[in-house]
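> got a structure for you, letters missing:
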């Protein structure tokens with residue numbers, strides 16, 4: 001059940017996010033139990049041609065507890081680069097909600113399909129050089145299921161430690177609670193038949 005309160009916070013009780021549109025920004029109130037979400041109007045206007053994006057959400061920057069850390073999530077990599085002040089030549093990991101979604105973006109080497117399908121909190125660098133993580137963690141999957149896929153990155157300025165005040169100000173949508181940092185994901189580089197652990 002989704003309950004829309006007067007201050008435009010959304011409490012998530014089931015396995016989907018609301019398609020409700022928010023138009024104002026209020027002081028964020030920490031939840032007492034259920035996850036809550038608060039939307040701020042986007043600071044910039046962008047468009048996306050991705051067939052997987054959702055109107056009104058694809059360009060937004062979410063601040064959320066991911067399956068590994070408190071991070072930014074968005075389908076717009078340019079906005080993430082701008083907010084993080086990150087060198088534009090660096091690529092982001094794509095978080096996907098299913099193996100089927102992953103195959104829209106890349107071909108998984110046959111010898112690694114079972115490993116990718118069963119992996120948890122693991123990032124795979126494909127032979128193409130693109131990085132993907134199949135999301136399994138239930139809480140984060142609520143968001144990724146709604147978006148289908150999104151770029152994911154730590155919620156900090158490039159090269160700087162996490163600052164929650166900065167992260168909340170930079171995000172368009174804040175999903176709470178924001179928990180402490182979890183272990184970073186394992187990273188593997190996949191070849192046609194070979195596997196190399198990066199982290």
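Everything's here; your move. Predicted model only: the values in this text are computed from it and were never measured.
> and residue 149, how far from residue 157?
Distance from residue 149 to residue 157, counting by C-beta to C-beta, to the nearest Å: 25 Å. Bear in mind the C-beta positions are built from the backbone N, C-alpha and C, glycine included.
> looking at those two, which one has more neighbours?
Shown here are residue 149 and residue 157; by other C-beta atoms under 10 Å, residue 149 has more neighbours (22 against 16).
> for the more buried one, which non-adjacent residue is spatially closest?
Excluding its sequence neighbours, the residue lying closest to residue 149 (C-beta to C-beta, 6 or more residues apart in numbering) is residue 96, at 4.7 Å.
> where does that neighbour fall, phi/psi-wise?
phi -130, psi 150 (degrees, to the nearest 10).
> can you give me the helices for this structure?
77-84, 99-105, 113-118, 138-147, 164-170 (DSSP state H).
> of all those helices, which one is nearest residue 179?
Closest approach to residue 179 among the helices of the chain is made by helix 138-147 (9.3 Å; C-beta to C-beta).
> any buried residues in the closest one, and which?
Across helix 138-147, burial judged by 16 or more other C-beta atoms under 10 Å covers 139-144, 146-147.
> how about the spatially most central residue of the chain, what does it touch?
Closest residue to the average C-alpha location of the chain: residue 73 at 3.3 Å, with C-alpha atoms, centre = their mean. Taking C-beta atoms under 8 Å, 6 or more residues apart in numbering, we find residue 73 in contact with 61-62, 64, 66, 95, 143-144, 147, 150-152.
> I'd like to know how far it sits from residue 89.
The gap separating residue 73 from residue 89 is 21 Å, by C-beta to C-beta.
> what residues are up against the closest residue to residue 133 other than its chain neighbours?
Excluding its sequence neighbours, the residue lying closest to residue 133 (C-beta to C-beta, 6+ apart) is residue 123, at 4.6 Å. Applying C-beta under 8 Å, 6+ apart to residue 123 gives the contacts 93, 131-133, 185-188.
> low-confidence ranges in this protein?
Along the chain, the parts satisfying pLDDT under 70 run over 1-56, 58, 180-181.
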